[in-house]
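Undergrad: Only the shape, not the letters, is given here:
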């Protein structure tokens, strides 16, 4: 079956989009043996750094890999193709399982990384497009068509494609959203994040997916168990987003921060070594998301470990 695509997005920054992307990619690869492609559309390149390390992100750019190079290909009028720009098997989690009971490797994570130069490439593209009387909408549509054609030959290679989207609605971001079969919305249990989440939901529902409620997986992240946070979380579930599918609540935890701070490829040796006290949260996230996708598509995935 061709890969399904999920966009991790919210117009509110700092809600854990990149962290959610990496935790979900790790969980699906580790517990379900899925082959995952992570596409980073955010110029901050946080998920790319979490997967590849900062040095790895720069090395990928130097090798001509990454989203900014796909945009250059688009600008030059070349035929749509994504394969040359992907870091295949970039983060296999092999090092995470090297010390774990001689399991046969199943599942890998490949990366189409971002780079801080991505936004400059976007601006250059936008200036060129608009100088020819183009509009943001026509550019978004053209990019969406280009990406669909570029990724179509690769879909049989993956089980899931995760799009880490930036917290804005540039033509590139809109093109990414238009590719999604499902939308993952991380949010924090506070009033500002709730408002931003609602605005994003309204926009996507109006311009991208009129059936958004049935395609939306909401995740409360960085949760602190206070009376206020519990009240906001309850409002999200019962009032603002009552018709959505909610994932597990991800706690505010130093273990999450440590897992995402990958200074070097050998920063950890095992999956449990990476996630420590939040290993069970990663497992629940993967389980809940696969339940959601099964309900959406009818496709089921078998766990390869508990």
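TA: Yes, it's here. What you are looking at is a predicted structure, and each value in this text was computed from that prediction instead of being measured.

Undergrad: going forward, measure contacts between C-alpha atoms and count neighbours the same way
TA: Fine.

Undergrad: Now do the same contact list for residue 276.
TA: Going by CA atoms under 8 Å, 6 or more residues apart in numbering, residue 276 touches residue 255.

Undergrad: Name the SS class of residue 80, please.
TA: Put simply, residue 80 is coil when judged by DSSP: H, G, I helix; E, B strand; the rest coil.

Undergrad: Tell me who's in contact with residue 251.
TA: 221, 222, 223, 224.

Undergrad: Just give me how far the strand or helix carrying residue 194 sits from the chain centre.
TA: Assigned by DSSP states H and E, residue 194 falls within helix 191-207. Put simply, helix 191-207 sits 18 Å off its chain's centre (CA atoms, centre = their mean, to the nearest Å).

Undergrad: among the contacts of residue 251, who's most crowded?
TA: The most crowded member of these, judged by other CA atoms under 10 Å, is residue 221 (22 neighbours).

Undergrad: what bridges to that one?
TA: Bridge pairing for residue 221 (DSSP bridges) gives the partners residue 188.

Undergrad: roughly how far apart are it and residue 133?
TA: Distance, residue 221 to residue 133, by CA to CA, to the nearest Å: 42 Å.

Undergrad: again, but for residue 115
TA: From residue 115 across to residue 133, the span is 28 Å (CA to CA).

Undergrad: can you map out the helices along the protein?
TA: Under the criterion DSSP state H, helices of the chain are mapped to 17-32, 46-52, 54-62, 67-75, 94-97, 118-131, 136-151, 171-178, 191-207, 212-215, 227-235, 254-260, 271-275, 279-297.

Undergrad: What is the fourth one packed up against?
TA: Spelled out, it's helix 67-75. helix 118-131 (3 or more CA pairs under 8 Å, 6 or more residues apart in numbering; DSSP states H and E).

Undergrad: and the helix it packs on, which residues are buried?
TA: 118, 119, 121, 122, 125, 126, 129 (16 or more other CA atoms under 10 Å).

Undergrad: so what pLDDT did the second one get?
TA: In the predicted model, residue 119 carries a pLDDT score of 93.

Undergrad: do the same with the fifth one
TA: Taken from the predicted model, the pLDDT recorded for residue 125 is 94.

Undergrad: In contact with the residue nearest the centre of the chain, which residues?
TA: Centrality entry for the chain: nearest residue to the mean C-alpha point is residue 164, 3.4 Å, by CA atoms, centre = their mean. The neighbours of residue 164, taking CA under 8 Å, 6+ apart as the test, are 7, 8, 9, 17, 18, 21, 38, 39, 40, 41, 42, 47.

Undergrad: next one: residue 295
TA: Going by CA under 8 Å, 6+ apart, residue 295 touches no other residue.

Undergrad: mind showing which ranges of the stretch 201-306 of the chain have poor pLDDT?
TA: Within the stretch 201-306 of the chain, the stretches with pLDDT under 70 are 262-269.

Undergrad: how about 90 then?
TA: Applying pLDDT under 90 to the stretch 201-306 of the chain picks out residues 201-202, 205, 209-210, 212-213, 233, 235-245, 252-277, 296-302, 304-306.

Undergrad: can I get the contacts of residue 164 in TSV with pLDDT, neighbour count and distance to residue 188?
TA: Below are the contacts of residue 164 laid out as TSV (pLDDT from 0 to 100; neighbours: other CA atoms under 10 Å; distance: CA to CA, whole Å):
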residue	pLDDT	neighbour count	distance to residue 188
7	97	25	18
8	96	26	14
9	93	29	13
17	94	27	11
18	94	27	14
21	96	27	15
38	96	25	23
39	97	24	23
40	97	27	21
41	97	25	21
42	95	25	19
47	94	26	18
